[in-house]
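K.L.:
Predicted model and sequence follow; I will ask about them next.
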Amino acid sequence: MALPPDVEHALKNYLAILMGFTELLLDESGPGDPHRADFEEMHRAAAAAVKLLSAPERTEP
Amino acid sequence: MSRAQPVLLVIDDEPGMLALIERVVKPTGFRTILHGSAREALAQLQSEAVDVALIDLRMPELGGLDVLRAIRQARPQCGVILMTGHASVESAIEAVKLGALDYLTKPLDLERLRHLLAAAREEADRRATVLAADTELAQRLGLCGMIGRSAVMQQLFGLVRRIAPHARTALVTGETGAGKEGVARAIHELGPRARKRFVTINGPAVVETLFESELFGHMRGAFTGATDNKAGLFEAADGGTLFLDEVGELPGTVQAKLLRVLETGEVHRVGALQPRKVDVRIVAATNRNLHAAADAGTFRGDLYYRLNVVELHVPPLRERREDIPYLTAAFVKEFAAKFGKTIEGVGADAEHYLMQAPWPGNVRELRNVLERACMMADGGTLTARDVSAGRPSAPSAAEPPRTDDLGDVEREHIVRVLHETHGNKRAAASRLGISRRTLYRRLERHGLVDVDG
């Protein structure tokens, strides 16, 4: 299920945007913020997706 | 230091990424210019004073490395940070070679980006401060037009301020080009004689036989050619300051007479019977070790001790390199105005070059180099190439021996021109205004047959 390089690149870009904004939300939410756990879930999921894309077996043809 | 907001240019073909970066950057104080197209961004580079650029490496129409190259060309002082989804060692090395500040992988480490921008901002501020404040700040820290923020110069300025109101004689020592005359002028201007004249006499520039008459004046008929009574420089400087440059080169007979004037406060015009009272402050300067010369008997010891009541040592430029950016800013400003060009200053590479150079000719050499660079430059920012072209090659750490022998001057000049033409004798001859055959004869005469670039 190798993705075409262009698609992979774009996908990673979108995930990076997702992660970045989530980090900003995390920065802005205080320790007692009720949404904080949700933001953390979003960040974790995006990071996991990036990791999947960057896994060594993915870059090998 | 108030100055315009620093400017960050962001180029990424993904609008979401632009929005993210804008949000991250806002608290760091940068004004952001966002571009989805590298071409549009480069077109704007000329009109916007961009301090830092953040560029996506992989974009459809024009790659990040090409943009980096274009920015290094157009705005060398602009720091560039590249971003990429795929970190490849080759492109990272290439980017650093091309002068990129850093190389970030996506997803971006926001903390690292903030740190980088803060550092880049500090650097941009420092550069802007140096450029904008050279007059205000450096003059406040300077003394009568001399610039010196370094501890050694601040010490010297302090000493000048303290002795200027009192000292009747002072000896200024330091290498050629270090700024001895500036110190002498400062002593004059800060002293009670500021409104009176400051008269300069340069030892080696005066023919020995005329020295006495130059310094002390002469009466009509005192010697052949003395058709009138004439006051000497001592009388011209009466009430003011006489600056004796290169005092170590004074002939022995003049040394003796100078000592007498210092002791008695009277001058004898050549051929006059009656002495005249003069009230002159003497500031002598030398690039030689007069103490050693006095020990060796080539300079009168009693005159040395008379002059040496206060000794002010001007340090060579290589011992106060931290002043180089300030001196550079002041000289660039001076020469940009003189040549009617808009030159913003020097780029990072040029500054690095100037900081490293050995400067055997000291501040005067730096000034000459920048004058030449400003003369040749088209405007914008001076590059390392602009400034290194103004420095003669084969720099030597030692002070160049001063020569007044015409043959030596010719030899040095030929060598310099040959270096500049990279050993091309036809080009050198044409620049020297002589035929190639004549050049070869000169080379042979000076023993330079094998000189090339």
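P.N.:
Looks like it came in fine. Numbering: from 1, shown residues only, chains lettered A, B, ... in the order given.
K.L.:
pull the helix or strand with minimum mean pLDDT from chain B.
P.N.:
One helix or strand of chain B scores below all others by mean pLDDT, DSSP states H and E: helix B:136-141, with a mean of 54.
K.L.:
B:Val346: what's its closest spatial neighbour, skipping adjacent residues?
P.N.:
Computed as C-beta to C-beta, 6 or more residues apart in numbering or on different chains, the closest residue to B:Val346 that is not its neighbour in sequence is B:Leu382, at 4.5 Å. Any C-beta I mention is one placed from the backbone N, CA and C, and that applies to glycine too.
K.L.:
For that neighbour, grab phi and psi.
P.N.:
Here is the backbone geometry of B:Leu382 (degrees, to the nearest 10): phi -80, psi 140.
K.L.:
Then B:His313?
P.N.:
Dihedral angles (degrees, to the nearest 10) for B:His313: phi -100, psi 120.
K.L.:
who are the neighbours in contact with it?
P.N.:
Residues near B:His313 by C-beta atoms under 8 Å, 6 or more residues apart in numbering or on different chains: B:Leu156, B:Val172, B:Thr173, B:Gly174.
K.L.:
Would you tell me which residues of chain B are close to chain A?
P.N.:
Within reach of chain A by C-beta under 8 Å from any C-beta of the partner chain, chain B has these residues: B:14, B:16-17, B:19-20, B:23-24, B:58, B:85-86, B:106-108, B:110.
K.L.:
Pull the residues that contact stretch B:181-192.
P.N.:
Counting by C-beta under 8 Å, 6+ apart, B:143-146, B:156-157, B:160-161, B:163-165, B:167, B:170, B:172, B:194, B:198, B:200, B:240-241, B:243, B:245, B:281, B:283, B:285, B:312, B:314 sit against stretch B:181-192.
K.L.:
quick one: contacts for the residue nearest to B:Val346?
P.N.:
Contacts of B:Leu382 by C-beta under 8 Å, 6+ apart are B:Val332, B:Ile343, B:Gly345, B:Val346, B:Gly347, B:Ala350, B:Leu370, B:Ala373, B:Cys374.
K.L.:
where does it land on pLDDT?
P.N.:
On pLDDT, B:Leu382 comes in at 87.
K.L.:
how far away is it from chain A?
P.N.:
As judged by C-beta to the nearest C-beta, to the nearest Å, B:Leu382 and chain A stand 38 Å apart.
K.L.:
what's the answer for B:Thr224, then?
P.N.:
91 Å.
K.L.:
Find me the pLDDT at that residue, would you?
P.N.:
79.
K.L.:
Secondary structure element for A:Val50, which one?
P.N.:
Element membership for A:Val50 (DSSP states H and E) is helix A:36-54.
K.L.:
Check whether that helix comes into contact with chain B.
P.N.:
Yes. Shown here: helix A:36-54 in contact with chain B (C-beta under 8 Å from any C-beta) through A:Ala46, A:Ala47, A:Val50.
K.L.:
By residue count, which helix of chain A is the longest?
P.N.:
helix A:5-28 (DSSP state H).
K.L.:
What is the burial count for the nearest residue to B:Glu344 once chain neighbours are set aside?
P.N.:
Spatial nearest neighbour of B:Glu344, excluding adjacent residues (C-beta to C-beta, 6+ apart): B:Thr381 at 5.3 Å. Counted with other C-beta atoms under 10 Å in any protein chain shown, residues neighbouring B:Thr381 total 20.
K.L.:
Check B:Gln77 too.
P.N.:
23.
K.L.:
got a pLDDT number for it?
P.N.:
77.
K.L.:
show me what contacts it?
P.N.:
The contact partners of B:Gln77, by C-beta under 8 Å, 6+ apart, come to B:Asp51, B:Ala124, B:Arg127, B:Glu344, B:Gly345, B:Gly347, B:Ala348, B:Thr381.
K.L.:
circling back to that earlier point, which is the next helix or strand following the least confident helix or strand of chain B?
P.N.:
helix B:151-163.
K.L.:
what comes up buried for that following helix?
P.N.:
Using 16 or more other C-beta atoms under 10 Å in any protein chain shown as the burial criterion, the residues of helix B:151-163 that qualify are B:Val152, B:Met153, B:Leu156, B:Phe157, B:Leu159, B:Val160, B:Ile163.
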